[in-house]
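Colleague: Everything below, folded, please.
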Amino acid sequence: MLIRGAAGMAAALALPHAARATGGIVPGDDDNGQPGASPPPISIRPLPGDTIRVLLLRARPSIELAALGGFAVYDGAGSTTPIFRAGPGQSRTFDASALARSSGGAIVEASGDAPLRVGGRPYRGRLLLFPDEGGLTVVNQLPIDLYVLGVLGREISPKWPAAVLQAHAIISRSYALGRRKDAAHAFDVYATTADQVYGGVNAESASGNDAVYQTHNQVLWYGNGLAAAFFSSCCGGHTESAGALWGEEIPYLGGVADPYCAGSPHYRWRSYVSEESLRERLGPAIASIGEISTLVPLDLDNSGRAKRIAVQGQGGQRDIEAKAFRNHLGTSVVRSTLIHRMQIAGSPDRLQPDPAFDDPSPAPPPAPPKNGPLAMIEGAGWGHGVGLCQWGARGMALRGGTAAQILSFYFPGTTVAAL
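Modeller: Numbering: from 1, shown residues only. Just a heads-up that it's a prediction; the model follows:
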């Protein structure tokens, strides 16, 4: 019933092809609002309207389009006469030359309720096509709730408690509405971790759809606008503050002690990396210090996260920003900057793991490589840690917490309100 309901919502909120597309990709579409890039506003008034534009593909040589009920392609300037039609089930491949007659890109709409397919993947709403760097860029434009349907299944397990899914639907909706841009931009959000992961129809589930319907039109509010609704996988026991990450305090993102995420497999972690690989990944920044002998987390903030990593060798010491250190080594190796301790040894048997750090994480630590020298890094949590902790929200829900209680805990001082 819920899947049929999603199709019904798509039909009820169909987008008229007469609405104008934007003119194309502009430099301002580059993302500047991710954690660590620049501080978000404390609150933001959303732009009018209820649709979101999601970047699916960029500068592709060609794309394949299809729809079960067929589809039509319109000039993006607003013409009501299609420049191309495809029959039910027919697939067509387009390249940039297909838009030669289109002054403002092109708009693709399904002829029935069935979703459009891009390279075989189904998406609700319509598609905006732009020539870009000799290829085609594809943007999915659809009502905000249909977008959130395709986010939940990629950002959180549909098997988790309903309260978690509802809380996540509210913050995903709030985040997206706060990221909307004006018509000078070709799209609002990326379909990747640069914003929220979006998978279209393939990401939908009955439980996720129900969470979106149960929270329809609800957003996280602070003051006169939307709150900055960030989230990460696991905070490791304490969420990060906006002040520590961005250098600018946000009242409801001050960081909270979180006892609820201890059931996460990422609550505690241990990683290994060879000293040679460490030097290669850190690159020129530490080239002059020779063989690395010591790694030390420095300038711990109130949550315990490091701001800098001291890399020491025979030729001296170099300090690297902790976020940069994590990115260089890989976010699956250094899962967060909440680092417990770091060791370097000539062989695996000389490393001294902290037995207490394995408990209470249910994930067994990996075995170290057989050869050295190598580094061992022990830490907690996965992600930047700001805002909602997904595993912590799950823990709260398993103890009977509601969606409203979860959001109040992670975003104190905010309210859930109808947009």
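Colleague: which stretches of this protein have low pLDDT?
Modeller: Segments of the chain classed as low confidence (criterion: pLDDT under 70) are 1-37, 100-104, 358-363.
Colleague: hmm, try it at 50
Modeller: Low-confidence segments of the chain, defined by pLDDT under 50, span residues 1-14, 18-23, 25-27.
Colleague: can you list the domains in it?
Modeller: Following automatic domain parsing, the chain resolves into domains at 2-147+180-197, 269-379.
Colleague: SS state for Ala169?
Modeller: Ala169 carries the three-state label helix when classified by DSSP: H, G, I helix; E, B strand; the rest coil.
Colleague: Tell me if I'm right that it and Asp210 touch.
Modeller: No. Contact criterion Cβ atoms under 8 Å: Ala169 and Asp210 do not qualify, at 9.5 Å. Every residue, glycine included, has its C-beta placed from N, CA and C.
Colleague: These two: which has the busier surroundings?
Modeller: For the pair Ala169 and Asp210, the greater number of neighbours falls to Ala169 (27 against 18), based on other Cβ atoms under 10 Å.
Colleague: List the contacts of the more buried one.
Modeller: Going by Cβ atoms under 8 Å, 6 or more residues apart in numbering, Ala169 touches 148, 152, 208, 211-212, 214-215, 218.
Colleague: how about 10 Å then?
Modeller: Ala169 sits next to 145, 148-149, 151-152, 156, 208-216, 218, 403 when contact means Cβ atoms under 10 Å, 6 or more residues apart in numbering.
Colleague: Ok, Ile320 next?
Modeller: If you count contacts by Cβ under 10 Å, 6+ apart, Ile320 has them with 282, 285-286, 295, 298, 308-311, 326, 328.
Colleague: Now the two most distant members of those residues.
Modeller: Considering Cβ to Cβ, no two members of the contacts of Ile320 lie farther apart than Leu298 and His328, which are separated by 16.4 Å.
Colleague: more crowded one of those two?
Modeller: The neighbour comparison of Leu298 against His328 (other Cβ under 10 Å) goes to His328, with 18 against 12.
Colleague: How about that one, nearest residue that isn't a chain neighbour?
Modeller: Take His328 and drop its neighbours on the chain: the residue closest to it by Cβ to Cβ, 6 or more residues apart in numbering is Arg281, 4.8 Å away.
Colleague: Run the chain-centre distance for stretch 395-405.
Modeller: Here the centre of mass of C-alpha atoms in stretch 395-405, compared against the chain's by Cα atoms, centre = their mean, to the nearest Å, lies 23 Å away.
Colleague: Buried ones in it, by neighbour count?
Modeller: Within stretch 395-405, the residues that count as buried by 16 or more other Cβ atoms under 10 Å are 395-397, 401, 403, 405.
Colleague: so which two of the residues you listed are the farthest from each other?
Modeller: Within the buried residues of stretch 395-405, two members stand farthest from each other by Cβ to Cβ: Gly395 and Ala403, at 14.2 Å.
Colleague: Redo the buried residues of stretch 395-405 as CSV? Include secondary structure and distance to Gln343.
Modeller: Formatted as CSV, the entries for those read as follows, by DSSP: H, G, I helix; E, B strand; the rest coil; distance: Cβ to Cβ, whole Å:
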residue, secondary structure, distance to Gln343
Gly395, helix, 30
Met396, helix, 34
Ala397, helix, 37
Gly401, coil, 38
Ala403, helix, 42
Gln405, helix, 40
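Colleague: element containing Ala163?
Modeller: Secondary-structure assignment from DSSP states H and E places Ala163 in helix 162-178.
Colleague: First-to-last residue distance for stretch 326-337?
Modeller: This stretch, stretch 326-337, spans 7 Å end to end (Cα to Cα, to the nearest Å).
Colleague: ditto for stretch 235-248
Modeller: Stretch 235-248 has an end-to-end distance of 20 Å (Cα to Cα).
Colleague: residues in contact with Glu240?
Modeller: Contacts of Glu240 (Cβ under 10 Å, 6+ apart): 35, 230, 232, 246, 253-256, 301-305, 336-338, 381, 383-387, 389.
Colleague: OK, contacts around Leu398?
Modeller: Each residue near Leu398 by Cβ under 10 Å, 6+ apart is listed here: 160-161, 163-164, 260, 263.
Colleague: Among the residues you listed, name the buried ones.
Modeller: The neighbour-count test (16+ other Cβ under 10 Å) applied to the contacts of Leu398 identifies 160-161, 163-164, 260 as buried.
Colleague: Adding distance to Gly87, write the residues you listed out as CSV.
Modeller: Listed next are the buried ones among the contacts of Leu398 as CSV, based on distance: Cβ to Cβ, whole Å:
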residue, distance to Gly87
Trp160, 41
Pro161, 44
Ala163, 45
Val164, 43
Tyr260, 53
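Colleague: between those, which is nearest Leu57?
Modeller: Proximity to Leu57 was ranked across those by Cβ to Cβ; first place goes to Trp160, at 30.0 Å.
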